[in-house]
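# predicted coordinates and the sequence they were generated for:
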Amino acid sequence: MASVCVDGDFFQVGDDGRLTIVPGSMNLREILYLKDPGTFEFNKGDYEWLSRIWVQVQAAGGGAAGSRANAGQVACQPGGAGGGYSERLIEASALGATETVVVGQGGTAGTSTTDGGNGGNSSFGGLCTANGGAGGQLVMSSGATPVCYSGTSGPLAGIGDFAQGGGGGGGPIRINGDQGQSGTGGESRLGHGGWQRASTNAGGAGRGAGGGAAGAYARDGDSTPGTAGQDGVVIIWLYA
């Protein structure tokens, strides 16, 4: 009589002798959260039971410039853009033996005289990609006359079953030599942009993943640094 071996992770033999699937074994098995900026490898062979993955890719947000004002004057800057987002359901058969995973780093904070840095792109191989948010530039010089500037354009969509660009950073406005407001940071799918300033200080930092930094504000001889954007994240859902 023939005999068979049963994989206990997926099948069970009941008291009545029937072979059945272990409840939940053919469903979601594991979730990987890659939160630190850098480059990683996903090896399909590490998961012998893998049938498909669902991957979420969030790019990083842009940093913001700092600001410097002369006595009796105001200068404030726009916010950095939020990072784009993509997601995709991928069958195991479509995966390479090894896929390179990139988690984008948040854009650097500018000094009082330099622009904020661009947020890094995030990706899962070439199958799912998202573009980082642009950094907020140093656009407003010190002054006392009314002026306003456009915000920072958000990035275009990347590659995925669902893909979207990040939110634009808000533009700054000066009313006179004592009043004004910096630009907000751009929103992301998995995070929020930083809050704007109406008094001397660096712009608010984003929350969550991929949010852009708000612009800095300076008044009456003050000098303030910029704020860094939020890092991206890649989340991999593994299904048996």
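Yep, it's here.

# so which helix or strand takes in the residue sitting nearest the centre point of the chain?
What sits nearest the mean C-alpha location of the chain, by C-alpha atoms, centre = their mean, is residue 210, with 2.3 Å. Under DSSP states H and E, no helix or strand contains residue 210.

# can you tell me how far it sits from residue 186?
Applying C-beta to C-beta, to the nearest Å, the value for residue 210 to residue 186 is 9 Å. The way it works is simple: take the backbone N, C-alpha and C, and place the C-beta from them, glycine included.

# do you know how far the residue nearest to the centre of the chain is from residue 66?
22 Å.

# repeat that for residue 135.
Counting by C-beta to C-beta, the gap from residue 135 to residue 66 is 12 Å.

# shared neighbours, these two?
When contacts are counted by C-beta atoms under 8 Å, 6 or more residues apart in numbering, residue 135 and residue 66 have residue 110 as shared neighbours.

# returning to what we had before: and for residue 210 and residue 186, which residues touch both?
Contact criterion C-beta under 8 Å, 6+ apart; residues bridging residue 210 and residue 186 by contacting each: 61, 82, 133, 166.

# and these, which of them are buried?
By neighbour count, with 16 or more other C-beta atoms under 10 Å, the shared contacts of residue 210 and residue 186 hold 61, 82, 133, 166 as buried.

# just confirm residue 93 is within a strand.
No - residue state for residue 93 (DSSP: H, G, I helix; E, B strand; the rest coil) corresponds to helix; a strand is not indicated.

# stretch 194-214: end-to-end distance?
Using C-alpha to C-alpha, to the nearest Å, the end-to-end distance of stretch 194-214 comes to 5 Å.

# typed the wrong thing, it's stretch 40-51
Chord length of stretch 40-51, first to last residue, is 21 Å (C-alpha to C-alpha).

# now it: buried residues?
Using 16+ other C-beta under 10 Å as the test for burial, stretch 40-51 gives 42, 47, 50.

# check contacts around the nearest residue to residue 137 once chain neighbours are set aside.
Using C-beta to C-beta, 6 or more residues apart in numbering and skipping residues adjacent in sequence, the residue nearest residue 137 is residue 115, 4.6 Å away. Shown in contact with residue 115 (C-beta under 8 Å, 6+ apart): 65, 135-138.

# out of these, who's the most crowded?
In terms of neighbours by other C-beta atoms under 10 Å, the contacts of residue 115 top out with residue 136 at 40 neighbours.

# roughly how far apart are that residue and residue 91?
Residue 136 sits 40 Å away from residue 91, going by C-beta to C-beta.

# next secondary structure element downstream of the helix-or-strand element of the chain with minimal mean pLDDT?
Between all helices and strands in the chain, the lowest mean by mean pLDDT, DSSP states H and E belongs to strand 19-21, at a mean of 65. Scanning forward in sequence from strand 19-21, with DSSP H and E defining helices and strands, the next element found is strand 28-34.

# average model confidence for that next one?
Per-residue pLDDT values over strand 28-34 give a mean of 97.
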